[in-house]
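**Q** build me a structure from this.
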Amino acid sequence: MSEKKVRVRFAPSPTGPLHIGGVRTALYNYLFAKKHGGDFILRIEDTDQTRFVPGAEEYIVEALAWVGLKFDEGVHVGGPHAPYRQSERRIVYRQFADRLIENNHAYFAFDTPEELENIKKQHEANKQPFQYGPATRMQMKNSLTLSKDEVAQKIAAGEPYVIRIKIPENEEIIVHDLIRGIVKVQSALLDDKVLFKSDGLPTYHLANVVDDFLMQISHVIRGEEWLPSAPLHVLLYRYLGIENDMPQFAHLPLLLKPDGNGKLSKRDGDRLGFPVFPLQWEDPSSKEISSGYRESGYISEAVVNLLAFLGWNPGTEQELFSMEELIQSFSLERVSKAGAKFDLEKAKWFNHQYLSKKSNAELLEIFKPMFIIKGICSTDDYIECVIGLVKERMIFITDFWEKSSFFFIAPESFDEKSVKDKWKDNSPALLTELAAVFASMPEFTAEKAHDAANIFVQEKQIGMGQAMNALRVAIVGAATGPDMFTMLALLGKEETVRRIDFAVKNVKK
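**A** Residues are numbered from 1 along each chain as shown. Predicted coordinates:
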């Protein structure tokens, strides 16, 4: 058998916002495909219409575009294996389900939900778990226990039915996993899963096997939660006669809570103060808003780097990777079997690193819309200078205004704690005299302002801190901000003197 071209798919369900763990799964698929010169496909698995949420598919597409994942085929780009939305492929699935029926690997089941519920309750009363499978199916209402005529009559009468796989009674099923090695499962542990529902749509199990076969998928790289379903999928490939075309499986480790105790959930993010979704999401029913990494001030490259390291390591000391470097370095061999704990501090560290690495001009383009929203007019050159002064002190994009607003709007009030700690009884008199010194300077640069202030405090026989602490409160409105004299030079002489004058008149101890 000739070696397959690498073709992988990311196949989310449009049942709500895409979890950050899903983004990691998509990223690993993308990196693997690009590493091997293969194709990356987006398929929407929307066969469960009861859980469909309006806007979820569009959210998925936008979120994956934000992190820089480009698809070769998919719902939004088309391709030779269209349609890529499972609800539009139902005729195809029925043909494969009929093939299973014909070969005695599946059967029609007419048990109603009420009947199934009653049987479950009977088993529970006898303290026996119920499983619709080899041990129980001959006591149920299905085409294995009914005559052919009865089955035909029920179908002709439009009686609801499902199609279930016929799990072998006593067989060891082997799954070869690229991350976990050989996984062996006894068929007695499996149930006769529903493959085709009464609404005319397939379940995930049949649909994903059929689509992976028809779309020539070479590797199925998905979350660990699908590992228990892998033996069923192996059987389906065999029963459909397409075992030679079965993709290789790789089940990724779970994303865990920061304490490592269980899978990372939305509630954990809400409780601990970090997003678990790539973009902000508003639930169309409840109108509840869930935070997203983009809106929380994360840079997409930082999120990619963070996610890459949640379950994979390069085997070197390098931590910062561009997408191209990740593609070159990535391998499934270096993906861990153990769950990966989410580390909020590491997430912040990655974001700070990427913010610091961006040029002032790049950040200018990111911040410009904020000035429009706030109605502030300023030159690009001035904003770039401000960015250069504050970006090393930023963790998130959203920190920019907090760290720099005083460059654009003079303080009209003053931080109480800063005033209490830094504003002394003689501050108004000192600052009035220092403002006169600054006003008389013919050239107001950072260096010359520093020299003038130094001469001033020497003449007054006071420490530089005594004057500078009060000066910072006057200029910034608080005891924060970048280098004092660089800040003064950027604001300019007139603005500096104006702010000092305003503070002298308005700061109250």
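
**Q** and the contacts of the least confident helix or strand in the chain by mean pLDDT?
**A** Considering only helices and strands, the least confidently modelled element of the chain by mean pLDDT, DSSP states H and E is helix 266-272, at a mean of 80. The contact list for helix 266-272, computed with Cβ atoms under 8 Å, 6 or more residues apart in numbering, reads 19, 257, 258, 275, 276, 277, 290, 291, 344. C-beta here means a position set from N, CA and C on the backbone, and glycine is covered the same way.

**Q** in it, which residues are buried?
**A** If you call a residue buried by 16 or more other Cβ atoms under 10 Å, then helix 266-272 has these buried ones: 266, 268, 269.

**Q** could you identify the helix or strand that succeeds it?
**A** Sequence-wise, the next helix or strand beyond helix 266-272 is strand 281-282, with elements assigned using DSSP states H and E.

**Q** paired strands for that next one, with orientation please.
**A** Paired neighbours of strand 281-282 in the sheet (DSSP bridges): strand 289-290 (antiparallel).

**Q** starting at the chain centroid, how far to the partner strand?
**A** The gap between where strand 289-290 is centred and where its chain is centred comes out at 14 Å by Cα atoms, centre = their mean, to the nearest Å.

**Q** who's in contact with residue 63?
**A** Taking Cβ under 8 Å, 6+ apart as the contact definition, residue 63 lies against 17, 18, 23, 277, 278, 279.

**Q** what's the spacing between the last one and residue 342?
**A** By that I understand residue 279. Distance of residue 279 to residue 342, computed by Cβ to Cβ, to the nearest Å: 18 Å.

**Q** and the two? which has more neighbours close in?
**A** Set side by side, residue 279 and residue 342 show unequal neighbour counts under other Cβ atoms under 10 Å, the larger going to residue 342 at 24 against 21.

**Q** next one: that one from residue 459, what distance?
**A** Distance of residue 342 to residue 459, given as Cβ to Cβ: 57 Å.

**Q** for residue 212, same thing?
**A** 82 Å.

**Q** same check on residue 345?
**A** In this structure, residue 345 and residue 459 are separated by 47 Å, where distance is defined by Cβ to Cβ.

**Q** same deal with residue 139?
**A** 102 Å.

**Q** now residue 482
**A** Relative to residue 459, residue 482 is positioned 27 Å away (Cβ to Cβ).

**Q** the more surrounded of these two?
**A** Each of residue 482 and residue 459 has its neighbours counted (other Cβ under 10 Å); residue 482 has more, 18 against 10.

**Q** secondary structure class of the closest residue to the more buried one other than its chain neighbours, three-state.
**A** Beyond its immediate neighbours in the sequence, the residue positioned closest to residue 482 (Cβ to Cβ, 6 or more residues apart in numbering) is residue 389, lying 4.2 Å away. Assigned state for residue 389: helix (three-state reduction, DSSP: H, G, I helix; E, B strand; the rest coil).

**Q** which ones are touching residue 389?
**A** Taking Cβ under 8 Å, 6+ apart, we find residue 389 in contact with 404, 482, 483, 486, 487, 490.

**Q** of these, buried ones?
**A** 404, 482, 486, 487, 490.

**Q** pull the number of nearby residues for residue 149.
**A** Residue 149 is surrounded by 8 other residues when neighbours are defined as other Cβ under 10 Å.

**Q** so it versus residue 156, what's the distance?
**A** Between residue 149 and residue 156 the distance is 10 Å, computed by Cβ to Cβ.

**Q** and for the two, which residues touch both?
**A** Residues touching both residue 149 and residue 156 (Cβ under 8 Å, 6+ apart): none.

**Q** for the stretch 51-200 of the chain, what are the low-confidence residue spans?
**A** Regions of the stretch 51-200 of the chain meeting the criterion pLDDT under 70 are absent.

**Q** so where do the helices sit in it?
**A** 56-66, 90-102, 113-125, 148-156 (DSSP state H, counting those that start in this stretch).

**Q** touching the second one from outside, list them.
**A** Outside helix 90-102, the residues within contact range by Cβ under 8 Å, 6+ apart are 106-108, 163, 165, 195-196, 200-202, 206-207, 210, 214, 236, 239-241.

**Q** again, but for the shortest one
**A** When contacts are defined by Cβ under 8 Å, 6+ apart, helix 148-156 is touched by residues 108, 110, 143, 146, 161.

**Q** of all the residues you listed, which two lie farthest apart?
**A** For those, the maximum inter-member distance is 10.7 Å, found between 146 and 161 (Cβ to Cβ).

**Q** and for those two, which residues touch both?
**A** Between them, residue 146 and residue 161 have 110, 154 as joint contacts when contacts are counted by Cβ under 8 Å, 6+ apart.

**Q** so the two - more neighbours on which side?
**A** Neighbour totals were compared for residue 146 and residue 161, and residue 161 leads with 21 against 18 (other Cβ under 10 Å).

**Q** distance of residue 505 from residue 471?
**A** The spacing between residue 505 and residue 471, counted by Cβ to Cβ, is 15 Å.

**Q** for residue 310, that is, sorry about that
**A** Distance, residue 310 to residue 471, by Cβ to Cβ: 46 Å.

**Q** neighbour count winner among the two?
**A** Shown here are residue 310 and residue 471; by other Cβ under 10 Å, residue 471 has more neighbours (27 against 24).

**Q** could you pull out the strands in the stretch 101-250 of the chain for me?
**A** 106-109, 162-165, 172-177, 181-186, 194-196, 219-223, 248-252 (DSSP state E, counting those that start in this stretch).

**Q** for residue 135, find the nearest of those.
**A** Per Cβ to Cβ, nearest to residue 135 of those: strand 181-186, 12.6 Å.

**Q** ok and the closest one relative to strand 248-252, angle-wise?
**A** Angle, strand 181-186 to strand 248-252, by axes from the mean of the first three to the mean of the last three Cα atoms, to 10 degrees: 90 degrees.

**Q** need the buried ones among the contacts of residue 389 in CSV (columns: distance to residue 331).
**A** As requested, the buried ones among the contacts of residue 389 are arranged in CSV below (distance: Cβ to Cβ, whole Å):
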residue, distance to residue 331
404, 42
482, 43
486, 47
487, 48
490, 48
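
**Q** between those residues, which sits nearest residue 381?
**A** Each of the buried ones among the contacts of residue 389 was scored against residue 381 by Cβ to Cβ, and residue 490 proved nearest at 10.5 Å.
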